[in-house]
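**Q** sequence below, structure please.
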Amino acid sequence: MSGGPTGGRDDTARGREDTARARDNAPSPSAARTGTVLAMLGVAAFSLTFPGTAWALTGLGPWSVTTCRVVLAALIAGGALAALRVPVPDRRHWPGLLVVAAGVVVGFPLLTTLALQTSTTAHAAVVVGLLPLTTAALSAVRTGVRPSRTFWAAALAGAAVVIAFALQQSGGAPTTGDLYLFAALPVCAAGYAEGGRLAGHMPGWQVIGWALVGCLPLALAGAVLAVSAEDVHLGGRAVAGLLWLAVGSQFVGMVVWYRGMAAIGVTRASQLQLAQPLLTLVWSVLLLGEKLTPAAPIAAVAVLVCIGVTQRARVPAARTVRTPAAGRAPGPTAADRIPETADRAPETADRIPEAASRVPKAGGPESSPGGSKPGQPAIDWPQGSHCPPADRRSRIWRRP
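**A** Numbers count the residues shown, from 1 in each chain. Sure thing, here's the model as predicted:
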């Protein structure tokens, strides 16, 4: 006979396990390590963006650099999507892909390229120091995740160290390029936050791939106009810088970056970017010949400490939202329904006389086993009914 007390306890335990799994959405240690490595590789790729832009500007104008890098990256991404026969994303994902395209494909590259016409790469590092904090703030608003105070304190401290160091490197004097740099902050942060969210629904390379493909028609027309209007005298450095921007920063870097964010979360991954300004300064010395002050090692150690604190600070995992089937409204979980069913037991018990009147008389083949007295049929509640079998009220005896 179904519906015994053991089955009720199993249902209750199963409901509690489902609730615990839904509440605990944190990545496993191995997934967290892999995600951290991927995010760090993305940061390393992005740290070469400003030096690569400086190289590309030696032979191209700012509009030509921005549009040509998008066209080249979009061709690579489109070829990969076509070769693997990746289906077109659902319509519900396209608004998010448009935010990614506007933020990290067009907006941030264009604004920073315009800024680097008058600013050095060291001065542009101020923006990268503020970008992790901006990304974390927008992600908290977008996803509802609320990091702890320790996390915010460490993030603010790291951003302050990077800003102070970069300002000291550039002399602390604001330039015309600062307007472009600070305008690029919320634009890029929105693209990072939305891309990290979409990477939880599709692979990270498909997120940036479809964003690039969506921009291809506009970028192709813009590249034709920009190349015809601006002076173009390509050299070895200009070509190398443009290729890195298209392949390394715009596509490969974004692929590993979004995969890392999907594994460890947007907020944690964004704080790894605190190391990006210092890496950019190192590349500036090695590739562009810029001089670096002795304060760099001190700032590097301070930033690494802040990164360690943010990685260990408590960041709640985003809740998993299950989409209900078409035509059905979302309902409570199994664990949430248990108290509700227990409260319904008296209401169900009031309807027992009606059910008992339809039960065959005692002594027949359908009379209840298990020690029931003659003339007293047992009403056995099936498993999954509104009254749990574990409840004592699940077995009610009524005389006919």
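**Q** alpha carbons only for contacts and neighbour counts from here, please
**A** Fine.
**Q** Gly209 contacts Gly78, doesn't it?
**A** Yes: here Gly209 reaches Gly78: they are 6.8 Å apart, a contact under C-alpha atoms under 8 Å.
**Q** which helix or strand contains Ile163?
**A** Taking DSSP states H and E as the definition, Ile163 sits inside helix 149-170.
**Q** elements contacting that helix?
**A** helix 121-143, helix 295-312 (3 or more C-alpha pairs under 8 Å, 6 or more residues apart in numbering; DSSP states H and E).
**Q** and those helices, which is most packed in?
**A** Mean neighbour count, computed with mean count of other C-alpha atoms under 10 Å, is highest for helix 121-143 among these, reaching a mean of 23.
**Q** residue ranges with poor pLDDT in this protein?
**A** 1-27, 169-170, 173-174, 314-400 (pLDDT under 70).
**Q** and the angle from the helix holding Ile163 to helix 295-312?
**A** 160 degrees (axes from the mean of the first three to the mean of the last three C-alpha atoms, to 10 degrees).
**Q** so how far is helix 149-170 from its chain's centroid?
**A** 23 Å (C-alpha atoms, centre = their mean, to the nearest Å).
**Q** give the buried residues for it.
**A** 151-152, 154-163, 165-167, 169-170 (16 or more other C-alpha atoms under 10 Å).
**Q** residues touching that helix, excluding its own?
**A** 120, 122-123, 125-126, 129-130, 132-133, 173, 271, 274, 277, 292-293, 295-296, 299, 302-303, 306-307, 309-310, 313-315 (C-alpha atoms under 8 Å, 6 or more residues apart in numbering).
**Q** convert stretch 35-51 to CSV, retaining C-alpha atoms only.
**A** Extracted in CSV, the C-alpha atoms of stretch 35-51 (Å, rounded to 0.1, in the frame of the first residue of the first chain):
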residue,chain,number,x,y,z
GLY,A,35,37.2,30.4,-13.9
THR,A,36,39.8,32.5,-12.1
VAL,A,37,42.5,31.4,-14.5
LEU,A,38,40.3,32.2,-17.5
ALA,A,39,39.4,35.6,-16.1
MET,A,40,43.1,36.3,-15.5
LEU,A,41,44.0,35.4,-19.1
GLY,A,42,41.3,37.8,-20.2
VAL,A,43,42.9,40.6,-18.0
ALA,A,44,46.3,39.8,-19.5
ALA,A,45,44.9,40.1,-23.0
PHE,A,46,43.1,43.4,-22.2
SER,A,47,46.3,44.8,-20.6
LEU,A,48,47.8,44.9,-24.2
THR,A,49,44.8,46.8,-25.6
PHE,A,50,46.2,50.3,-24.9
PRO,A,51,49.7,49.6,-26.3
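**Q** picking that back up, turn the helices and strands packed on helix 149-170 into TSV, including distance to Ala73.
**A** As requested, the helices and strands packed on helix 149-170 are exported to TSV (distance: least, C-alpha to C-alpha, whole Å):
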stretch	distance to Ala73
helix 121-143	22
helix 295-312	31
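**Q** helix or strand right after the longest helix along the chain?
**A** Longest helix of the chain, by residue count under DSSP state H: helix 204-229. Next helix or strand after helix 204-229 toward the C-terminus (DSSP H and E): helix 236-243.
**Q** show me how far stretch 118-132 is from its chain's centre.
**A** 24 Å.
**Q** contacts for it next, please.
**A** By C-alpha under 8 Å, 6+ apart, the list of residues contacting stretch 118-132 reads 50-51, 54, 112, 115-116, 155, 159-160, 162-163, 166-167, 169-170, 175-178, 181-182, 184-185, 188-189, 270-274, 276-278, 280-281, 284.
**Q** ok, 6 Å please
**A** With C-alpha atoms under 6 Å, 6 or more residues apart in numbering as the test, stretch 118-132 has contacts from 50, 159, 162-163, 166, 170, 177, 181, 185, 270-271, 273-274, 277, 281.
**Q** ok, stretch 274-288 next?
**A** 47, 122, 125, 128-129, 290-291.
**Q** how close does Arg92 sit to Arg197?
**A** 13 Å (C-alpha to C-alpha, to the nearest Å).
**Q** more crowded one of the two?
**A** A count of neighbours by other C-alpha atoms under 10 Å puts Arg197 above the other of Arg92 and Arg197, at 22 against 8.
**Q** so which bits of the helix or strand encompassing Tyr180 are buried?
**A** Under the criterion of DSSP H and E, Tyr180 resides in helix 177-198. Of the residues in helix 177-198, 177-178, 180-198 count as buried by neighbour count, 16+ other C-alpha under 10 Å.
**Q** with stretch 87-96 instead?
**A** So, applying 16+ other C-alpha under 10 Å, buried residues of stretch 87-96: 94, 96.
**Q** measure that stretch end to end?
**A** 17 Å.
**Q** which other residues reach it?
**A** For stretch 87-96, using C-alpha under 6 Å, 6+ apart, there are no contacting residues.
**Q** for stretch 53-66, same thing?
**A** Taking C-alpha under 6 Å, 6+ apart as the rule, stretch 53-66 contacts 110, 113-114, 223, 226-227, 230, 232-234, 237-238, 241-242.
**Q** selecting buried members of these in ChimeraX, what would you type?
**A** Command for ChimeraX, covering only those of these found buried under the criterion 16+ other C-alpha under 10 Å:
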select :110,113,114,223,226,227,232,237,238,241,242
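**Q** got the contacts of stretch 53-66 as TSV, with distance to Leu60 columns?
**A** Below are the contacts of stretch 53-66 laid out as TSV (distance: C-alpha to C-alpha, whole Å):
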residue	distance to Leu60
Leu110	13
Thr113	11
Leu114	12
Ala223	11
Ala226	9
Val227	8
Glu230	7
Val232	5
His233	7
Leu234	7
Arg237	11
Ala238	7
Gly241	10
Leu242	9
